[in-house]
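1. Just a sequence and a predicted model for now, questions to come.
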Amino acid sequence: MKKLQRNLKEIAQYADVRFLNASSTVRTSAGFVRTLFQRQRSGTQLTDIFNYLRISPQIDSAGQPTRSQFSAIQSAGFQRVINLAPHHAENAIHDEQQLVESLGMDYVHIPVDFGRPSEADFQQFCAAMQENPERRVFVHCAANMRVSAFLYRYRVQILGEAEETARPDLEKIWKPFGTWQRFIGD
């Protein structure tokens, strides 16, 4: 019963009427809900991963990959996977760490509460990103909403990229509101 309540709460967060603030946000929210009913999304290419987005030659981001899509991530030369979704997220792969490590990649899990992203989460994320900056990093969460906000802030505040350069990538995924708007500094 508790798991069902958690799952319904997470779905409700993605179905919040405030998501109507941008077409990309509505698309992402609807797409996330669709992934809950399509556990085995087709396609094993990086571009088949839900809300896949290349940020730079070193960093790609997406929503939750399937088991077979992790093989595509490894084949593309990624050496580290950072997961910002909690393990109890509805579309999570419960043995993801073991799967990623069995493919020879490092795995970092920073479970960010969608309703309360914290400075501690961001600092942990920055440390994971900077640990080996020459390595290719694939960053994901359930729908690429947490990740897009974290990467936007990282790019602007840590890497010193212009807001005008980083903002379009964020808004391809969604337009943050409420807690997330404050998190990114808007």
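-> Looks like it came in fine. On a predicted model such as this, the values are computed, not experimentally measured, just so you know. Numbering: from 1, shown residues only.

2. Mind jotting down where the strands sit in this protein?
-> 53-54, 59-62, 80-83, 106-109, 137-140 (DSSP state E).

3. Among these, single out whichever gets nearest to I173.
-> The closest approach between I173 and any of the strands of the chain, judged by C-beta to C-beta, belongs to strand 53-54 at 6.8 Å. Yep, even glycine has a C-beta here, placed from its N, CA and C like the rest.

4. List the contacts of the closest one.
-> Outside strand 53-54, the residues that touch it by C-beta atoms under 8 Å, 6 or more residues apart in numbering are D60, S61, A62, N144, S148, D169, K172, I173.

5. if we can go back for a sec, now render the strands of the chain as TSV, adding distance to F177, mean neighbour count and mean pLDDT.
-> Listed next are the strands of the chain as TSV, based on distance: least, C-beta to C-beta, whole Å; neighbours: other C-beta atoms under 10 Å; pLDDT from 0 to 100:
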stretch	distance to F177	mean neighbour count	mean pLDDT
strand 53-54	20	16	98
strand 59-62	20	22	98
strand 80-83	23	23	98
strand 106-109	26	16	98
strand 137-140	21	26	98
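
6. quick one: which of those strands is nearest E161?
-> Closest among the strands of the chain, using C-beta to C-beta: strand 59-62, at 11.6 Å.

7. which regions of the protein lie under the pLDDT threshold?
-> Confidence mapping of the chain against pLDDT under 70 gives the ranges 1-42.

8. run the last query once more with 80
-> 1-43 (pLDDT under 80).

9. before we move on, the earlier item: going by distance to F138, which of the contacts of strand 53-54 wins?
-> Of all the contacts of strand 53-54, D60 has the smallest distance to F138: 5.2 Å, by C-beta to C-beta.

10. now, which of the contacts of strand 53-54 sits nearest F78?
-> Using C-beta to C-beta, D60 comes nearest to F78 of the contacts of strand 53-54, at 7.2 Å.

11. now for the strands of the chain, which one comes closest to Q130?
-> Distance to Q130, taken as C-beta to C-beta, is lowest for strand 137-140 among the strands of the chain, at 10.3 Å.

12. Tell me which strands the closest one pairs with, and in which orientation.
-> Partners of strand 137-140 in the sheet, by DSSP bridges, are strand 59-62 (parallel), strand 80-83 (parallel).

13. can you redo the contacts of strand 53-54 as JSON lines with distance to Q124?
-> As requested, the contacts of strand 53-54 are exported to JSON lines (distance: C-beta to C-beta, whole Å):
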{"residue": "D60", "distance to Q124": "20"}
{"residue": "S61", "distance to Q124": "17"}
{"residue": "A62", "distance to Q124": "20"}
{"residue": "N144", "distance to Q124": "19"}
{"residue": "S148", "distance to Q124": "17"}
{"residue": "D169", "distance to Q124": "22"}
{"residue": "K172", "distance to Q124": "25"}
{"residue": "I173", "distance to Q124": "21"}
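
14. With that, I have no additional questions.
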